[in-house]
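Colleague: Structure for this input, please:
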Amino acid sequence: MKQNNMLAMILAGGRGSRLHDLTNKVAKPAVSYGGKYRIVDFPLSNCANSGIDVVGVLTQYESVLLNSYVAAGGRWGLDAKDSGVFVLPPREKADADLDVYRGTADAISQNIDFIDTYNPEYVLILSGDHIYKMDYDKMLDAHKANSADATIAVLQVPMKEASRFGIMNTNDTGRIIEFEEKPPVPKSNLASMGIYIFTWKLLREMLLADMVKEDSNHDFGKDIIPTMLNDGRNLYAYKFEGYWKDVGTIDSLWEANMDLLDADCELDLNDSSWKIYTEDVTTLPHYVSADAVVKNAYITQGCTIKGEVTGSVLFTNAKVGKDAKVIDSVLMPGVVVEDGAVVTRALVADGVKIGKGAVVGSADSENILLVANDVEGVE
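Modeller: A predicted model of the protein is given here:
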């Protein structure tokens, strides 16, 4: 490992149930985003760019695709000697019907032996389903400077939205004095991002103690962090400034893609100084016919456009037929919109075909329409 002596563990086992049919067969971190990426590319790329050599990815639900995807550590430059991305599924429990992690802390507890193999001084805990860029090495510098036992990344959110998050209340030095989980009347707007750095020796002791507590949720937010505060440990907030998105719903996933159309978007996917690495798909360049109309669109390689695309994001190998219209929509990989069809304010799932002359979505709809199955055309 490099000099920062920090190992990362990515919690990538969530169901992602609010994404409905998109996560019926794939884990939420494996969902496509931004034309050619998957959500898990972001924490993995952040680790690679931050100089972290060893990353454990803790998988659980519908993990077959995710397992095979992250096992190819070379995509993120994490395939050299003494480095790598390691897939860590739940261990079998004699007292459980299913092999599952009981909580976020339990996911780490079940993999103490993996962490001990590398004997890190610090452990970075990450959620695997957020879109953002972040230098974890700078966060570690702050952790060391504060002689902290734990450092928690926080994002300043509007006060009217603070009750939706776990809120960290701090003193003037940034030391956390209170943690409130989704408080109805928030005292601050410092929302936890689910990004933690712990000094491993102490965290290891706390996890072992937590494992045998029958009344514990085995969760960082509900158990480990409150216990550390009650014990008078040094917990500090690390303020993050920049683009961050929790794509937990169809609307938020659509919004995150739409953000890429904004020239002032803080998430620059073409930034060579902080590259987001992903699978290199071999395909042809995109093709736009002479009769096509393209306005404010994000077009990925392999796309074929013969109709009109306005205010939309097209993923790899999406196709838009003659006289078809795609307006304020997201077409995921391999989507086909046949001649004359109209798609408006919709998110169309991988490989779906919209038949000739079909009309899906509406400009007046309050929510984004998820199209997860083929739509028959008009005869």
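Colleague: Disregarding flanking residues, what is the spatial nearest neighbour of Ala30?
Modeller: Using CB to CB, 6 or more residues apart in numbering and skipping residues adjacent in sequence, the residue nearest Ala30 is Leu66, 4.2 Å away. Every residue, glycine included, has its C-beta placed from N, CA and C.
Colleague: what about the one you found, which helix or strand?
Modeller: In the assignment (DSSP states H and E), Leu66 maps to helix 64-70.
Colleague: So for that helix, could I get the coordinates as CSV, restricted to C-alpha?
Modeller: The C-alpha coordinates for helix 64-70 follow below in CSV (Å, rounded to 0.1, in the frame of the first residue of the first chain):
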residue,chain,number,x,y,z
VAL,A,64,-23.7,-11.4,-10.1
LEU,A,65,-23.1,-8.6,-12.6
LEU,A,66,-21.6,-6.3,-10.0
ASN,A,67,-19.2,-9.1,-8.8
SER,A,68,-17.9,-9.7,-12.3
TYR,A,69,-17.7,-6.0,-13.1
VAL,A,70,-15.7,-4.9,-10.0
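Colleague: Let me know the next secondary structure element after it.
Modeller: For helix 64-70, the following helix or strand on the C-terminal side (DSSP H and E) is strand 84-88.
Colleague: helices and strands around that following strand, which ones?
Modeller: strand 54-58, helix 64-70 (3 or more CB pairs under 8 Å, 6 or more residues apart in numbering; DSSP states H and E).
Colleague: before we move on, back to that, thinking the residue nearest to Ala30 is in contact with Lys25, fair?
Modeller: No: assessed by CB atoms under 8 Å, Leu66 is found out of contact with Lys25, at 10.9 Å.
Colleague: hey, which helix or strand in the protein has the poorest pLDDT?
Modeller: When the helices and strands of the chain are compared on mean pLDDT, DSSP states H and E, helix 64-70 comes out lowest with a mean of 76.
Colleague: quick one, which of Leu66 and Lys25 is more surrounded?
Modeller: Shown here are Leu66 and Lys25; by other CB atoms under 10 Å, Leu66 has more neighbours (26 against 11).
Colleague: Who are the contact partners of the more buried one?
Modeller: Contacts for Leu66 (CB atoms under 8 Å, 6 or more residues apart in numbering) come out as Ala12, Val26, Ala27, Pro29, Ala30, Val40, Val57, Thr59.
Colleague: Can I get those residues in TSV including pLDDT, neighbour count and secondary structure?
Modeller: Shown next, in TSV, are the contacts of Leu66 (pLDDT from 0 to 100; neighbours: other CB atoms under 10 Å; DSSP: H, G, I helix; E, B strand; the rest coil):
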residue	pLDDT	neighbour count	secondary structure
Ala12	84	30	coil
Val26	78	21	coil
Ala27	79	27	coil
Pro29	85	29	helix
Ala30	84	27	helix
Val40	90	26	coil
Val57	90	28	strand
Thr59	84	25	coil
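Colleague: what ranges do the strands span in the stretch 51-200 of the chain?
Modeller: 54-58, 84-88, 122-127, 130-132, 150-156, 166-170, 176-181, 190-199 (DSSP state E, counting those that start in this stretch).
Colleague: tell me the average confidence for the second one?
Modeller: To tie it back to what came earlier, the one meant is strand 84-88. Average pLDDT, strand 84-88: 81.
Colleague: quick one: buried residues of that strand?
Modeller: Judged by neighbour count using 16 or more other CB atoms under 10 Å, the buried positions of strand 84-88 are Gly84, Val85, Phe86, Val87, Leu88.
Colleague: Roughly how far does the first one sit from Ala142?
Modeller: Distance from Gly84 to Ala142, counting by CB to CB, to the nearest Å: 27 Å.
Colleague: now swap in the third one and tell me
Modeller: Computed as CB to CB, the Phe86 to Ala142 distance reads 27 Å.
Colleague: And the contacts of stretch 41-51?
Modeller: Residues contacting stretch 41-51 (CB under 8 Å, 6+ apart): 2, 4, 8, 10, 55, 57, 70, 75-78, 85, 124, 126-128, 130-137, 274-278.
Colleague: Over to stretch 347-356?
Modeller: Counting by CB under 8 Å, 6+ apart, 21-22, 32, 250, 253-254, 257, 321, 329-341, 343, 360, 368-378 sit against stretch 347-356.
Colleague: ditto for stretch 253-265
Modeller: 19, 22, 31, 33-35, 131, 243, 245, 247, 267, 269, 296-298, 311, 313, 328, 330, 347, 368.
Colleague: Ok, stretch 365-374 next?
Modeller: 20-22, 250-251, 254, 343, 345-349, 352-355, 360-362.
Colleague: next one: that stretch to chain centre, how far?
Modeller: Chain-centre distance of stretch 365-374: 21 Å, with CA atoms, centre = their mean, to the nearest Å.
Colleague: Buried residues, that stretch. List them.
Modeller: Using 16+ other CB under 10 Å as the test for burial, stretch 365-374 gives Ile368, Leu369, Leu370, Val371.
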